[in-house]
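Trainee: mind looking at a prediction? Sequence and model below.
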Amino acid sequence: MPRAPNDLIVPTPRTSAPAALLAALTAALTLAATSPLPGPADRAREEQRLLDRLASEGTNAPALFALADLCHDIGVDGDKKAVLRAESYLRQLLSLEPDHAQALALLGSVYTLKGRDAFWPPTQLRLVREGNAFMDQAVELAPDDIATRKIRALNNAHMPDFLGRAEIVRADLDWLWTRIEAGPVPLGVSARQQVGLHLGRRLKRESRPDDARRVWETARDFAPDSPDASEINAELARLR
């Protein structure tokens, strides 16, 4: 029998990480949104449009996921209430479809945002670890789903090393990049560039500058004038 979202298994949190590292974690979890966001008025209109769709069509998974995704990305910009709305929409979706891997992965990312916004370091750490557990469960449910792996990879790429996520991030980025290079994949340009950006950074840390350059140049050329391309170009400039 599938588990309801409130029954999801999370690890017992440990609270021994230094407060300074938790402060770094809080800063790092200002994650990249999945797509460029419109202005606040347009965001509010889009959320209302999706709520109206739910009212007319009845509760359904696609509309709930779209609402959660929108509110997650608004929450990335620092709106704490949007983070809580995203969680509410995802809980409703998971009550309908407990094995919805993308929703479970996005719930994990929402939990890391809640960790970012929490005041006490032990609470920050607990929420982030719970979020990671949700994302791991999601990938176990759908290991070949590109969107699910993308959510975990781009979220965890911002995690400090003490959380022990480096090998998971490296594996996810490699898995995604292999499929991006083979193409086509159901990922937007920004997501593809973000995967390349973070993979290149890992390769550079491994003293593989030529491989990092190749990945960065490929990712940049998906959209040479994008904000992500500007960030990649800055990384390339530091290689010279």
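Mentor: Noted; the coordinates are in hand.
Trainee: please count neighbours and contacts with C-alpha atoms only from this point.
Mentor: Will do.
Trainee: from the chain's centroid, how far away is the helix ranked longest in the chain?
Mentor: In the chain, taking DSSP state H as the definition, the longest helix is helix 121-141. Centroid separation between helix 121-141 and its chain, computed with CA atoms, centre = their mean, to the nearest Å, is 12 Å.
Trainee: other SSEs contacting it?
Mentor: Applying 3 or more CA pairs under 8 Å, 6 or more residues apart in numbering; DSSP states H and E, we find helix 121-141 packed against helix 19-28, helix 101-117, helix 146-156.
Trainee: and the longest one, what does it pack against?
Mentor: Contacts of helix 101-117 with other secondary structure elements, assessed using 3+ CA pairs under 8 Å, 6+ apart, are made with helix 19-28, helix 61-76, helix 80-96, helix 121-141, helix 146-156.
Trainee: one more time with 6 Å
Mentor: The helices and strands touching helix 101-117, judged by 3 or more CA pairs under 6 Å, 6 or more residues apart in numbering; DSSP states H and E, are helix 121-141.
Trainee: circling back to that earlier point, by mean pLDDT, show me the worst of the helices and strands packed on helix 121-141.
Mentor: Sorting the helices and strands packed on helix 121-141 by mean pLDDT places helix 19-28 lowest, at a mean of 53.
Trainee: which is the succeeding secondary structure element to that helix?
Mentor: The C-terminal neighbour of helix 19-28 among helices and strands, as given by DSSP states H and E, is helix 40-57.
Trainee: any regions of this structure where pLDDT drops low?
Mentor: 1-38 (pLDDT under 70).
Trainee: any idea how far the nearest residue to Ile74 once chain neighbours are set aside lies from Asn233?
Mentor: Nearest residue to Ile74 in three dimensions, chain neighbours excluded: Ala82, at 6.2 Å (CA to CA, 6 or more residues apart in numbering). The gap separating Ala82 from Asn233 is 32 Å, by CA to CA, to the nearest Å.
Trainee: about what we covered before: so for the longest helix of the chain, what gets flagged as buried?
Mentor: 121-139, 141 (16 or more other CA atoms under 10 Å).
Trainee: likewise for stretch 221-232?
Mentor: So, applying 16+ other CA under 10 Å, buried residues of stretch 221-232: 223, 228-229, 231-232.
Trainee: relative to Ala191, how far out is the nearest residue to Leu187 once chain neighbours are set aside?
Mentor: Residue nearest to Leu187 in three dimensions, not counting chain neighbours: Ala147, with 7.3 Å by CA to CA, 6+ apart. For Ala147, the distance to Ala191 equals 10 Å [CA to CA].
Trainee: and if you look at Glu217?
Mentor: Relative to Ala191, and taking CA to CA, Glu217 is found at 15 Å.
Trainee: cool, and Ala82?
Mentor: From Ala82 to Ala191 the distance is 22 Å (CA to CA).
Trainee: what's around Leu50, how many residues?
Mentor: By other CA atoms under 10 Å, 18 other residues sit near Leu50.
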